[in-house]
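A.B. asks: Got a sequence here, can you build the structure:
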Amino acid sequence: MPLLPPQQRNLLIAVVVLAISVGGGWLWSSASEPDIDARLTTPGEVPYPSIATNSTIAGTSLPQASLLTLDNKTIDSSTLIGKPLILNFWYSTCEPCRREMPVLTASALVHSATIRFVGINMNDSVETAKEFITKYNVLYDIMFDPSGSFISDLGIATAPMTLFVDAQGIIVDQVAGEITADKLESLIAKWFAQ
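C.D. replies: Okay, the predicted model is just below:
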């Protein structure tokens, strides 16, 4: 068999090496079946319900807990019951919380005679919360859950979260995420219209 010129021989060697690499890689990968389940979740199935999800709590009673006011007074959550209540859970570095704060503030001004608005700060110091409410001109009550029991009993993991509570203390609706003015007013009309 005649010898190939150096250029053709190098090309033939490169083709053979490439063919062996591709073929060997394919055989090796097809022989190893991974133990990973790459199945997508079934629609409607929450794969990790304990990670950053809020519990569905509509229809339950507002839990009892001690809350702290901005002026460092402890109150019982039962004192929030008596007239319709909108509870908004927020913190200062939450961008959707920042965007919805003017919506809640404007609605509180319109409905203050018939509906109580309360903001529950989930993360900030009193000083940070005071700076935030001054910046956004919030005039309704802001409170804290120092033990975390109120937030925990409600199953709230993410903010913002807005609860609609009737005069008897039953949570009638909830909105996870930023609430718009239209959504807020439509739920006020639905649950608290007189």
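A.B. asks: And the helices in the chain?
C.D. replies: 6-31, 95-111, 126-135, 149-154, 181-192 (DSSP state H).
A.B. asks: which stretch among those helices comes nearest Ala167?
C.D. replies: For Ala167, the closest of the helices of the chain is helix 181-192, at 8.9 Å, according to Cβ to Cβ. From N, CA and C alone the C-beta is placed, and that goes for glycine too.
A.B. asks: what's the angle from that closest one to helix 95-111?
C.D. replies: 50 degrees (axes from the mean of the first three to the mean of the last three Cα atoms, to 10 degrees).
A.B. asks: Pull out the buried residues from helix 181-192.
C.D. replies: Buried residues in helix 181-192, counted by 16 or more other Cβ atoms under 10 Å: Leu184, Glu185, Leu187, Ile188, Phe192.
A.B. asks: Repeat that for stretch 53-70.
C.D. replies: Under the neighbour-count criterion of 16+ other Cβ under 10 Å, stretch 53-70 has Asn54, Ile57, Leu62, Pro63, Ala65, Leu67, Leu68 buried.
A.B. asks: My guess is the first one contacts Ile156. True?
C.D. replies: Meaning Asn54. Yes - in this structure, Asn54 is within contact of Ile156 by Cβ atoms under 8 Å, at 5.4 Å.
A.B. asks: which ones are touching Lys112?
C.D. replies: Slight slip there: residue 112 is Ser, not Lys. Tyr140 (Cβ atoms under 8 Å, 6 or more residues apart in numbering).
A.B. asks: Check the gap between it and Ile156 for me.
C.D. replies: Counting by Cβ to Cβ, to the nearest Å, the gap from Ser112 to Ile156 is 24 Å.
A.B. asks: what does Ala189 give?
C.D. replies: As for Ala189, its distance to Ile156 is 25 Å (criterion: Cβ to Cβ).
A.B. asks: List the contacts of Val172.
C.D. replies: Val172 neighbours (Cβ under 8 Å, 6+ apart): Ala58, Gly59, Phe164, Val165, Asp166, Trp191.
A.B. asks: Restricted to strands, list these.
C.D. replies: Phe164, Val165 (DSSP state E).
A.B. asks: Between which two of the contacts of Val172 is the distance greatest?
C.D. replies: Gly59 and Trp191 (12.5 Å).
A.B. asks: quick revisit: distance to Gln174 and mean pLDDT for the helices of the chain - can I get that in CSV?
C.D. replies: Formatted as CSV, those follow (distance: least, Cβ to Cβ, whole Å; pLDDT from 0 to 100):
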stretch, distance to Gln174, mean pLDDT
helix 6-31, 48, 72
helix 95-111, 14, 96
helix 126-135, 22, 95
helix 149-154, 9, 94
helix 181-192, 10, 97
